[in-house]
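Participant: make a model of this:
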Amino acid sequence: MKSSTAELRRQVEERARELNGSLIALSHRLHAEPELAFQEHRSAAAIASLAQKAGFTVQRGAGGLPTAFDARFGAGDLVIAFCAEYDALPGLGHACGHNVNAAAATGAALALSAVVDALDITVRLIGTPAEEDGGGKAYLIEAGVFDGVGAAMMAHADAEDQVHGQSLAIGSWNISYTGRPAHAAAAPWEGVNALDALTVAQTSLGLLRQQLPRDAVVHGIVTDGGQAANVIPAHTAALYEVRADSLARLRDIQTRVRACFEAGAVATGAELEIAPNGRDFAELRQNGELSELYAAAAEELGRNVDRTPHRTGSTDMGNVSQLVPAIHPTIGFDTAGARQHTAEFAAASATPGADRAVLDGAIAMAWTGVECAAQPALRKRLLTGAQERDARPAPPDQGRPPQ
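Facilitator: Numbers count the residues shown, from 1 in each chain. From the prediction side, this is the model:
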């Protein structure tokens, strides 16, 4: 290698700091124009355009998803990917800080691209839509977008800097009951009450919770409870999620939860339909060696990193981590005590502290990328792993999400 690792890290940091203004502008732009899952057209276009301007070759609509993209720079055998997620939450905007996530990933990719020839690597910036609802990364895995990737990284906005985090597997279902309408006072016996079916199901779920493992969580909302109080509801709908500590455990719990919804149909005579809402998310399996490299880099930038294993929510980065050596650290900033998925956290995600998190996250991930390529033993393991994965049969295509 012609340049020392220290010199390559210096070049990467210099490039990131040159980009800082553009990265902050990107973060604030995404924050000001939040877009929901699979609808992030402006967000994806803004990031892809920035990568293209930096010399990346950009494939828009990657994996058949209109708001995904795959941006590439370099031609080395080791492929290092950074995942940019940029969807927001209904009614709350960027209350999970995905504007920070996206800008940090973009910065990491553009900064690392400054040294691709010296490291003999290919840098990829993968735009991954619908993390909050749908599982864009899972669809992209099925489409082969992560084929050939040696290591994948992203940093997630939070109130603290942490590595070694774990997440719960999750599955989401659209539930609907179809009954028969009737006058609620004149002839209620002629109706089949779809709302009663949902009530029975929710009661059954409440009783089931006592027998569920401690890490298991069942939660949901009613999206349609009927149209008029004096009409027996002929249709009701709900969106429910089930979480568990692993995909294997999730499957078992989903069977028991399904039985609760079936009980509502049996008790009332309503017809039940259960349809998956996007893809199931696997539990997060972070690579310990890469996590430590990232933590050391973040600490070198003056950040205080918590290495205590901790439980997060759920993320489709878990699906990536089951396939590719991956990290999903959190990058912290002052949120005034607010937690994710609140309006207060959304407000904190466009503050000077969040702006610093964008730059520090970008540099720390890019430095981690340098180490992946510069450490011979680690590089060999990543290359061998990618080659072995690419030799396996492709998973079956399970269909595209609604457009």
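
Participant: alpha carbons only for contacts and neighbour counts from here, please
Facilitator: Noted.

Participant: output the below-cut-off pLDDT ranges for this structure.
Facilitator: Applying pLDDT under 70 to the chain flags the ranges 1-2, 393-403.

Participant: again, only using 80
Facilitator: Along the chain, the model assigns pLDDT under 80 to residues 1-3, 312, 391-403.

Participant: how is it partitioned into domains?
Facilitator: Domains of the chain are assigned by automatic domain parsing as 5-167+282-390, 169-276.

Participant: output these as a markdown table; include the columns mean neighbour count.
Facilitator: Below are the domains of the chain laid out as a markdown table (neighbours: other CA atoms under 10 Å):
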| stretch | mean neighbour count |
| --- | --- |
| domain 5-167+282-390 | 22 |
| domain 169-276 | 18 |
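
Participant: so residue 72: helix, strand or coil?
Facilitator: For residue 72, the assignment made with DSSP: H, G, I helix; E, B strand; the rest coil gives strand.

Participant: in this structure it contacts residue 122, no?
Facilitator: Yes. The criterion here is CA atoms under 8 Å, and residue 72 meets it with residue 122 at 6.9 Å.

Participant: ok, now which ones touch the closest residue to residue 95 other than its chain neighbours?
Facilitator: Of all residues not flanking residue 95 in the chain, residue 346 sits nearest, at 3.8 Å (CA to CA, 6 or more residues apart in numbering). Contacts for residue 346 (CA atoms under 8 Å, 6 or more residues apart in numbering) come out as 92, 93, 94, 95, 96, 97, 340.

Participant: ditto for residue 342
Facilitator: Residue 342 makes contacts with 92, 95, 96, as judged by CA under 8 Å, 6+ apart.

Participant: settle this for me: the first one is touching residue 341, isn't it.
Facilitator: This points to residue 92. Yes. Judged on CA under 8 Å, residue 92 makes contact with residue 341 at a distance of 7.3 Å.

Participant: residues touching the residue positioned nearest the centre of the chain, list them.
Facilitator: Residue closest to the mean C-alpha point of the chain, counted by CA atoms, centre = their mean, is residue 131 at 3.7 Å. Shown in contact with residue 131 (CA under 8 Å, 6+ apart): 37, 85, 87, 137, 315, 316.

Participant: contacts only, for the last one.
Facilitator: Applying CA under 8 Å, 6+ apart, one finds that residue 316 lies in contact with 131, 135, 136, 137, 138, 281, 282.

Participant: quick check: residue 121 touching residue 109?
Facilitator: No. When contacts are counted by CA under 8 Å, residue 121 is not listed as touching residue 109 (11.7 Å).

Participant: alright, that wraps it up for me.
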